[in-house]
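[1] Model the structure of this input:
(2 chains)
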There are 2 protein chains.
Amino acid sequence: MQPRVVIVGGGFAGLQAARSLKNKNVQITLIDKHNYHLFQPLLYQVATGGLSPGDIASPIRAVLSRQKNITIYQDEMVSVDGENREVIGHQRHYPYDYLIIAIGAKYAYFGHDGWRNHAPSLKTLQDALDMRSRILDAFERAELETDAAARKALMTFAIIGGGPTGVELAGAIGELAHATLKNNFRNINPAQVEILLLEAGPSILSGFPRKLSDKGKASLSRLGVTVRTHTRVTNITAEGISIQNDQGTQWVPCQTALWAAGVQGLKISEHLASAFGCERDRSGRLFTTPQLTAPGDDRVLFLGDMIHVKDAKGKVLPGIAPVAMQQGRYAGQYITNHMTQRDNEPFRYWNKGILAVIGRNAAVADLGTVRASGFMAWVIWAIIHIAYLIEFDNKILVMTQWAWNYFTRKRGARIISESVGSTSTDIGQTT
Amino acid sequence: MQPRVVIVGGGFAGLQAARSLKNKNVQITLIDKHNYHLFQPLLYQVATGGLSPGDIASPIRAVLSRQKNITIYQDEMVSVDGENREVIGHQRHYPYDYLIIAIGAKYAYFGHDGWRNHAPSLKTLQDALDMRSRILDAFERAELETDAAARKALMTFAIIGGGPTGVELAGAIGELAHATLKNNFRNINPAQVEILLLEAGPSILSGFPRKLSDKGKASLSRLGVTVRTHTRVTNITAEGISIQNDQGTQWVPCQTALWAAGVQGLKISEHLASAFGCERDRSGRLFTTPQLTAPGDDRVLFLGDMIHVKDAKGKVLPGIAPVAMQQGRYAGQYITNHMTQRDNEPFRYWNKGILAVIGRNAAVADLGTVRASGFMAWVIWAIIHIAYLIEFDNKILVMTQWAWNYFTRKRGARIISESVGSTSTDIGQTT
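    Numbers count the residues shown, from 1 in each chain, chains lettered A, B, ... in the order given. Reported below is the predicted structural model:
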């Protein structure tokens, strides 16, 4: 009988693992709680109305439809029975000979889980739709508001965390306010928004060389974003945020706070850690062997941003798509080697560079030998992102959408989704 | 002071009314509970994964951004104070000199409101997303299901109502099953679905000439749709539907029933009827004067599918976009005439024809002198629909999307949205 490989999670790591086992003599089962693969690097575009969910989500079945040795189930992992080698799902049990788990992470609120309601983060498609509704709704409510202070709070946006996601969100909101929404309102001027990007450390984009980080800051300020470094957030409520720096503590009335500051393991990681004897770091991410396997079982691999792995220089690998994809391909190779009793070298990450986009036509790129900023970096960013969009039809469409957005400065997907429970009300008008 | 025109509802009627008052000496306020105008004729494409919500919804502010004499509020009408000439919204009061109400309708379940949960209908974007999730989810669950009878029920789709919407939905599901989902599953064959189109009357597409209605039926059967006329639905539960015809009553186990059978007025129509002394028809739609005004107030107009109006031959006008648009333009002209004390002729509908699309490249079209079916009708349908998409950027993108879908038979927007309340769970995988 062919060895059974079970892959949990259809993200970058899981999909690449599945693909790298394409012509191998194994029987693969992939389970994911969603029916789609999500292109997470562009999630902020959905959150700011630039792209539709369908542009960055491809049905996993469509992506893998030609791979004969794989069966896909939309199901959610509840637990793993490591002794009997079975993944327990809500719908079925999935027995395995090899197991790959790549279920991702979530944003960490550093012990303040109550902040999650007031400052949502961006990991799922639903998160992006909720964030989009919040951002657009703030402008709608400001147009209706007659009290000046309340209007000011509605037109204040705070983004917490100055990494690539925070920078990309702040830039996109700047562009929305200054370009896209121009002439759309009569009582407010969207260009008068205040957009705060708050970073506790000494600089934004801390993974980048200092020079690029400075250029990023300059690009942001051209989009009307105020960057405040050395600034910690000490409280978040529905009415605003408290921030603290050298000068003391300040209360900022603000209706829209967005969180982009650090990730942690999912709750099920605790169960996985005890089932397979893994240690976890402070953020709850699992430590694996250098081969990305569980310490107690060399047929179980963990991949992606749920694990804590270091590169050759001892630096923790970031939770980004290129790392996940390389780990996915490594996992496929690992299993092939293991089946034929060949040894596996430790996983090694080949760093091709990092990128962050800032608004419509600026970005920063550190590709090792090449460092770029401004428009050139934006072009590099656009080409790389389009090239990585997994399904071909999305590439063409997203490219058209982008070209159109670029030349018109429009954001077509500016839809405020209905709030939960409001769909069955029937007092008022319909579209 | 300029006369104040309040328009409630940003659908086809409301938008056209606003536009036809563009260079007039009036001050317009448009309120809608959504921030977007919805291109309802293509809603079935969203419901079946062919288009994304952003493709058929344009922000009302963007559509009207260049019209200086209009202010837009995202607000919901709660009631109207006819004596003091004020619309009461959730957020504000809107005083008017002229009032245009065009808030649409909803699907009628003929006294069986409990059926609404088991057989959703298609009026809003949220409806379309819910329907899309249901349809795709049925295939996902069938792939997981091991019991043959349960699997059969999951792979049975019943569409109730053989008008254009029912025909379009049935055709799109046929295509999804036979073309788009090909090779996507391992345990089921999507082409083995049973798609029932149920019509109580003697034929589907009853508004069309008999010959076209027959051609429509033939096109549907090529897509695997079984059309049953003279068939009434007598019960709908979560497990299936009861149908009745000459041969008696039959129980059809079925997990996905969709409703497309007749509309009725919204609940607020009762209030409007009593506020303005209107009679209502059996479906709750308002009777107006021949000038589309309230019998008791010639400065208040009702438009679109919330009213009951007849054409010159005494036939009730259908609730379709062309009727609404012509009424919108009429309303603008009416107000202009009224302001200058000129008389208004009764509203007259100029029927340019009716169209229904059946799958990827067939349709039926009755344009008066020209009658077409099959591919030619589909081309006519596509051109007309693209031409009417209100915002230009959508036209280009939807055209690209269609061209792509057409040649690849793919449906890119096949996303199963998260169910209500599931967004904060944290047991399983992400992406």
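[2] Could you use CA atoms for every contact and neighbour count after this?
    Will do.
[3] Pull up the residues of the stretch 201-350 of chain A that are close to chain B.
    A:266-268 (C-alpha under 8 Å from any C-alpha of the partner chain).
[4] repeat that with 6 Å
    A:Ile268 (C-alpha under 6 Å from any C-alpha of the partner chain).
[5] elements contacting whatever helix or strand A:Glu140 lives in?
    Element membership for A:Glu140, per DSSP states H and E: helix A:125-144. With contacts taken as 3 or more C-alpha pairs under 6 Å, 6 or more residues apart in numbering or on different chains; DSSP states H and E, helix A:125-144 sits against helix A:43-47, helix A:148-154.
[6] can you pull the buried residues of the longest one?
    It refers to helix A:148-154. A:150-154 (16 or more other C-alpha atoms under 10 Å in any protein chain shown).
[7] How far does the helix or strand just after it sit from its chain's centre?
    Next helix or strand after helix A:148-154 toward the C-terminus (DSSP H and E): strand A:156-160. With C-alpha atoms, centre = their mean, to the nearest Å as the basis, strand A:156-160 stands 18 Å off its chain's centre.
[8] Equivalent analysis for stretch A:295-314, please.
    Distance, centroid of stretch A:295-314 to centroid of chain: 20 Å (C-alpha atoms, centre = their mean).
[9] and for it, what are the contacting residues?
    A:13, A:98-102, A:104-105, A:265, A:276, A:285-287, A:289, A:292-294, A:316-317, A:319, A:324 (C-alpha atoms under 6 Å, 6 or more residues apart in numbering or on different chains).
[10] mind exporting that stretch as CSV, just the C-alpha atoms?
    Only the C-alpha atoms of stretch A:295-314 are listed here, as CSV (Å, rounded to 0.1, in the frame of the first residue of the first chain):
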residue,chain,number,x,y,z
PRO,A,295,11.3,15.7,18.4
GLY,A,296,9.5,12.5,19.2
ASP,A,297,8.4,11.5,15.7
ASP,A,298,10.4,11.8,12.5
ARG,A,299,7.3,11.2,10.4
VAL,A,300,5.5,14.4,11.6
LEU,A,301,6.5,17.8,10.3
PHE,A,302,5.5,21.3,11.3
LEU,A,303,5.8,24.2,8.8
GLY,A,304,5.2,27.9,8.3
ASP,A,305,4.6,30.6,10.9
MET,A,306,3.4,28.2,13.6
ILE,A,307,7.1,27.2,14.2
HIS,A,308,10.2,28.8,15.6
VAL,A,309,13.2,28.1,13.4
LYS,A,310,16.5,30.0,13.0
ASP,A,311,18.5,30.7,10.0
ALA,A,312,22.3,30.0,9.7
LYS,A,313,23.1,33.3,11.5
GLY,A,314,20.8,32.4,14.4
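[11] Rounded mean pLDDT for it, please.
    Per-residue pLDDT over stretch A:295-314 has a mean of 94.
[12] next one: stretch A:275-285
    Rounded mean pLDDT across stretch A:275-285 is 94.
[13] And that stretch, what's buried?
    Judged by neighbour count using 16+ other C-alpha under 10 Å, the buried positions of stretch A:275-285 are A:275-280, A:283-285.
[14] List only those of the contacts of stretch A:295-314 flagged as buried.
    A:13, A:98-102, A:104-105, A:265, A:276, A:285-287, A:289, A:292-294, A:317, A:319, A:324.
[15] Now intersect those with the helices, please.
    A:13, A:276, A:324 (DSSP state H).
[16] Can you check what pLDDT the model gives the residue in the stretch 251-400 of chain A that chain B sits nearest to?
    Nearest residue of the stretch 251-400 of chain A to chain B: A:Ile268, at 5.4 Å (C-alpha to the nearest C-alpha). Listed pLDDT for A:Ile268 reads 95.
[17] what about it, neighbour count?
    17 (other C-alpha atoms under 10 Å in any protein chain shown).
[18] So what does it look like in phi/psi?
    Main-chain torsions, A:Ile268, degrees, to the nearest 10: phi -70, psi -20.
[19] rewinding a little: columns mean pLDDT and distance to B:Val225 on top of the helices and strands packed on helix A:125-144, output as a markdown table?
    Formatted as a markdown table, these follow (pLDDT from 0 to 100; distance: least, C-alpha to C-alpha, whole Å):
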| stretch | mean pLDDT | distance to B:Val225 |
| --- | --- | --- |
| helix A:43-47 | 92 | 36 |
| helix A:148-154 | 97 | 51 |
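[20] To B:Ser417, which of those helices lies closest?
    Nearest to B:Ser417, of all the helices and strands packed on helix A:125-144, is helix A:43-47, at 14.5 Å by C-alpha to C-alpha.
[21] helices or strands up against that closest one?
    Packing contacts for helix A:43-47, counted by 3+ C-alpha pairs under 6 Å, 6+ apart, involve helix A:125-144.
[22] Restricting to C-alpha, output the helix it packs on in PDB.
    These are the backbone C-alpha positions of helix A:125-144, laid out as PDB (Å, rounded to 0.1, in the frame of the first residue of the first chain):
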ATOM      1  CA  LEU A 125     -10.400  36.900   4.500                       C
ATOM      2  CA  GLN A 126     -13.100  37.600   7.000                       C
ATOM      3  CA  ASP A 127     -10.700  39.800   8.900                       C
ATOM      4  CA  ALA A 128     -10.000  41.800   5.800                       C
ATOM      5  CA  LEU A 129     -13.700  42.200   5.000                       C
ATOM      6  CA  ASP A 130     -14.400  43.300   8.600                       C
ATOM      7  CA  MET A 131     -11.500  45.800   8.400                       C
ATOM      8  CA  ARG A 132     -12.700  47.100   5.100                       C
ATOM      9  CA  SER A 133     -16.200  47.700   6.500                       C
ATOM     10  CA  ARG A 134     -14.700  49.500   9.500                       C
ATOM     11  CA  ILE A 135     -12.500  51.800   7.500                       C
ATOM     12  CA  LEU A 136     -15.200  52.800   5.000                       C
ATOM     13  CA  ASP A 137     -17.900  53.000   7.700                       C
ATOM     14  CA  ALA A 138     -15.800  55.600   9.600                       C
ATOM     15  CA  PHE A 139     -15.900  57.900   6.600                       C
ATOM     16  CA  GLU A 140     -19.700  57.300   6.200                       C
ATOM     17  CA  ARG A 141     -20.300  58.100   9.800                       C
ATOM     18  CA  ALA A 142     -18.100  61.200   9.700                       C
ATOM     19  CA  GLU A 143     -20.200  62.500   6.800                       C
ATOM     20  CA  LEU A 144     -23.300  62.100   9.000                       C
END
